[in-house]
Structure formats: C-alpha cells, structure tokens
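Asks: My questions concern the predicted model and sequence given below.
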Amino acid sequence: MTKFGELINFNKPVLIDFYTDWNEIENNIETLRDVAIALGDKAKVIKIDIKKNEILADALRVKGNPTFMIYKNGEMKWRQTGFKDAKTLIGLVQEYF
C-alpha cells in the first residue's frame, strides 16, 4: 500500500473510510461511489481495510467500523465512527474545499 502520508498530503480534501468486510450493512461501497462521483476531482475518496492495515488502524486508534476521516494538507480535519449516508458525507467534505 502507498504510504499513508502520501495519501493525505493534498491541498484538496481526502475522505477515508476505514472498514472491514464483516459488516456488509455498514460497508456500503455504493455510498462511497456516490460520494466520489458527486465530488469529482475536488476531493479524493479512499477505502482502507482495517484488517489488511492493522498497524495503521492501531496508530490512528480506529476502533469502529466504519470510521470516516477527512484530511487536508496532511492534517485531520474531521473524524467520526458509524455509518453516514452519501449526502451527509458530501456535505462534510464540501466544508473543506
């Protein structure tokens, strides 16, 4: 995997979804696709599997599924655990344009 610092060090918002496959209801790929389509090139949308990236998840203290984070210029701007619908996520990311 690309180094985490390279993923978050952009001057546009980066929405990250830390997830695991054990809960299909909360691992809704269509929601993130809708968010990515709506935001276009104004933001990046990334999914990171907690089980495949346990060291990173532990370092960031990711305990719940899903955990969403928004970064801009390498700095965390927002974080929340629990399912969010596409409209809510789009609005949150747009705050950091």
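Replies: Now that the structure is in, tell me what you want to look at. Numbers count the residues shown, from 1 in each chain.

Asks: any idea which helix or strand comes after the longest helix along the chain?
Replies: In the chain, assigned by DSSP state H, the helix with the most residues is helix 29-39. The helix or strand immediately downstream of helix 29-39 is strand 44-49, counting by DSSP states H and E.

Asks: model confidence over the helix or strand that that next one is followed by, on average?
Replies: Using DSSP H and E, the helix or strand that follows strand 44-49 towards the C-terminus is helix 54-59. Throughout helix 54-59, pLDDT has a mean value of 95.

Asks: list the buried ones in helix 54-59?
Replies: Neighbour-count burial for helix 54-59, counted by 16 or more other CB atoms under 10 Å, picks out residue 57. No exception for glycine: its C-beta is placed from N, CA and C like everyone else's.

Asks: Run the chain-centre distance for it.
Replies: Distance, stretch centre to chain centre, for helix 54-59: 15 Å (CA atoms, centre = their mean, to the nearest Å).

Asks: Now name the helix or strand holding the residue nearest to residue 39 when sequence neighbours are not counted.
Replies: Nearest residue to residue 39, sequence neighbours excluded (CB to CB, 6 or more residues apart in numbering): residue 93, at 5.9 Å. Secondary structure assignment for residue 93, by DSSP H and E: helix 86-94.

Asks: sorry, back to before: the residue nearest to residue 39: neighbouring residues, count only.
Replies: Burial of residue 93 is recorded as 25 neighbouring residues (other CB atoms under 10 Å).
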